[in-house]
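J.: Here is my input; please provide its structure:
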Amino acid sequence: MAFSGAQAPYMNPMVPFTGVIQGGLQDGLQITINGTVLMSNGSRFTVNLQTGHSDNDIAFHFNPRFEEGGYVVCNTKQNGIWGPEERKMQMPFQRGHPFELSFLVQSSQFQVTVNGRLFVRYTHRVPFHRVDTISVTGIVQLSYISFQPPGRWQANSAPITQTVIHTVQSAPGQMFPNPMIPPMAYPNPVFPIPFFASIPGGLYPSKSITVSGTILPSAQSFYINLRSGSDIAFHLNPRFKENAVVRNTQIGSSWGPEERGLPWKMPFSRGQSFSVWILCESHCFKVAVDGQHLFEYYHRLKHLPTINSLEVGGDIQLTHVQP
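T.: Got it, this is the predicted structure:
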């Protein structure tokens, strides 16, 4: 099955964290880190893409520093010796605020986006295929680290700068949300609402889907639908007036019984960022919000490969979608 070999995300890892990158870095691989900068006494955090658990060989050292107005240091370490620093005199992170940090591996460089916006490009100083480990240290709390395989959404002739975008703006007022066409890619994503995307090959056990965004301050509700043709296999619907997260299935235009139970309070808040991770298992969907497991939803539409499209709508602004 296509992409079934994709590496499972690290969910809610403790910092300092060191984890294996299965198969090492490849041209087109994207690594996404979702977390929050802590309001602590420290002033830095670091993401290293390195060889092994030792820090002697670091292909890419990404080091935001909340000092002197805030800046980010990028560097490479070979045989224990640092090279010349590259400094970006901007700070795209805020203490106490969530963030989404993505590293896209390209043939000549790493491309880094923060909260969906291109931040920096870093030219390779050592062969990137030597990298097989990621480490994170410093003043951050992590929700997840996910891995998007090479070539997943790349258009053959398009310059790839952001691999999670499924629609593009070609002219003012003209949008083409066609989920069947591989997207062009741009550093600043434009996600129309409602948003549609295909799921190539449909669902299968171990397949995961990530949806991140910001809930509008006046939001009433939003929804995430996993569809099989005109049927909705899984409907996830946070409702703020009812303080509920409704789950259901619609087959033949008829809704089944709702499920509303939660292990704790409503995990979504108006005006706040969120990240929903849906893992398809053989018997159910497992759903995590901001890195915390929330519930399981047992399949009512059981032929998983026919569940091949994603729909997101309601009172939100999307920042990242990985079908």
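J.: going forward, measure contacts between C-alpha atoms and count neighbours the same way
T.: OK.
J.: What's the local residue count around residue 103?
T.: Per other Cα atoms under 10 Å, the neighbour tally for residue 103 reads 21.
J.: Quick one: classify it as helix, strand or coil.
T.: Each residue gets one of three states, and residue 103 gets strand by DSSP: H, G, I helix; E, B strand; the rest coil.
J.: these two touch, right, it and residue 27?
T.: No - contact criterion Cα atoms under 8 Å: residue 103 and residue 27 do not qualify, at 11.3 Å.
J.: what is the rounded mean pLDDT of the helix or strand harbouring residue 197?
T.: Secondary-structure assignment from DSSP states H and E places residue 197 in strand 195-198. Per-residue confidence for strand 195-198 averages out to 90 on the pLDDT scale.
J.: who does the helix or strand that it is followed by touch, helix- and strand-wise?
T.: For strand 195-198, the succeeding helix or strand toward the C-terminus, using DSSP H and E, is strand 208-215. Judged by 3 or more Cα pairs under 8 Å, 6 or more residues apart in numbering; DSSP states H and E, strand 208-215 is in contact with strand 273-280, strand 316-322.
J.: So which of these is nearest residue 79?
T.: Closest approach to residue 79 among these is made by strand 316-322 (36.1 Å; Cα to Cα).
J.: could you check the angle strand 273-280 makes with the closest one?
T.: On the basis of axes from the mean of the first three to the mean of the last three Cα atoms, to 10 degrees, strand 316-322 is oriented at 40 degrees to strand 273-280.
J.: Run me through the strand neighbours of strand 316-322, direction for each.
T.: strand 208-215 (antiparallel) (DSSP bridges).
J.: Which helix or strand lies directly C-terminal to the strand it pairs with?
T.: Proceeding N to C from strand 208-215, the next assigned helix or strand is strand 222-228, under DSSP H and E.
J.: Show the subsequent helix or strand relative to that next one.
T.: Towards the C-terminus, the helix or strand next in line after strand 222-228, according to DSSP H and E, is strand 231-239.
J.: Just the buried positions in the next helix or strand along the chain from that following strand, please.
T.: Past strand 231-239, further along toward the C-terminus, the next helix or strand under DSSP H and E is strand 244-251. When burial is assessed from 16 or more other Cα atoms under 10 Å, strand 244-251 yields the following buried residues: 244-250.
J.: Next: stretch 132-152.
T.: Of the residues in stretch 132-152, those buried by neighbour count under the rule 16+ other Cα under 10 Å are 132-150, 152.
J.: And it, how far out from the chain middle?
T.: The chain centre lies 10 Å from the centre of stretch 132-152; the measure is Cα atoms, centre = their mean, to the nearest Å.
J.: pLDDT of stretch 90-107, averaged?
T.: For stretch 90-107, the mean pLDDT works out to 92.
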